[in-house]
Structure formats: C-alpha cells, structure tokens
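>>> Based on what follows, work out the 3D shape:
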Amino acid sequence: MLDILNVFITLLSVWLIFGVYGIILYENQFGFCEDKMSFYITYNDCIEANKTWVNYKHNFDNITVALPTLFTVSTFDGWGEIL
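Prediction:
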C-alpha cells in the first residue's frame with residue numbers, strides 16, 4: 001500500500017510541475033472565438049471585437065483544469081480531442 005502511495009505522490013508532483021508549465025505556455029490559447037472560421041484570432045482580439053471567447057473542455061487556464069487535462073493525456077483516453 002505504501003508503494004502505491006509513493007507512486008501516486010510522484011505522479012501528482014510531476015503533473016503539478018507540467019501543469020504549471022502548461023499554464024505559463026498555453027493560458028487562454030485552448031479555445032476559439034464565437035466565429036469558428038477565424039483561425040488566427042487571439043483571446044484579446046476576440047474580446048476587443050465584443051465577441052465571446054469559448055474555452056475547450058480541456059485547457060490550461062488554471063491548475064484545477066490543467067491537472068485533469070494532463071491525466072487525460074497520460075492515460076491516452078480522450079487525448080485525441082485535446083491534440
């Protein structure tokens with residue numbers, strides 16, 4: 001039982017490190033403006049145009065969403081939706 005707990009703590013710390021790194025790199029980038037045909041519009045451009053920014057289910061906007069995103073990618077279950 002103690003070995004499983006050690007593995008879980010190690011995985012959680014690695015996911016935490018990559019989650020923070022993902023937030024630094026990809027904050028407000030996993031989403032789209034309400035017009036899906038505007039491929040290269042950023043979050044700030046969308047807000048300035050008075051349109052709504054829609055986030056994907058899995059993103060790196062905060063740590064509470066980043067950790068489940070990393071879990072999904074690491075288990076290979078639903079990672080195609082993210083990538």
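>>> Can you show me the strands along the protein?
Under the criterion DSSP state E, the chain contains strands at 31-33, 53-55.
>>> and the first one, what does it pack onto?
Using 3 or more Cβ pairs under 8 Å, 6 or more residues apart in numbering; DSSP states H and E as the contact definition, the elements that strand 31-33 packs against are helix 43-48, strand 53-55. In this view, the C-beta of every residue, glycine as well, is placed from N, C-alpha and C.
>>> Can you get me a residue count around Phe76?
8 (other Cβ atoms under 10 Å).
>>> And the longest helix along the chain, how far out from the chain middle?
Counting residues, the longest helix found in the chain (DSSP state H) is helix 2-26. In terms of Cα atoms, centre = their mean, to the nearest Å, the centre of helix 2-26 is found 14 Å from the chain centre.
>>> got it, and stretch 40-50?
That offset, for stretch 40-50, works out to 19 Å (Cα atoms, centre = their mean).
>>> Which positions in that stretch come out as buried?
For stretch 40-50, burial by neighbour count (16 or more other Cβ atoms under 10 Å) applies to Ile41, Tyr43, Cys46.
>>> Please convert the helices and strands packed on strand 31-33 to TSV, extending it with distance to Gly78.
Output for the helices and strands packed on strand 31-33, formatted as TSV (distance: least, Cβ to Cβ, whole Å):
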stretch	distance to Gly78
helix 43-48	24
strand 53-55	16
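>>> Just name the shakiest helix or strand of the protein by mean pLDDT.
helix 79-82 (a mean of 69; mean pLDDT, DSSP states H and E).
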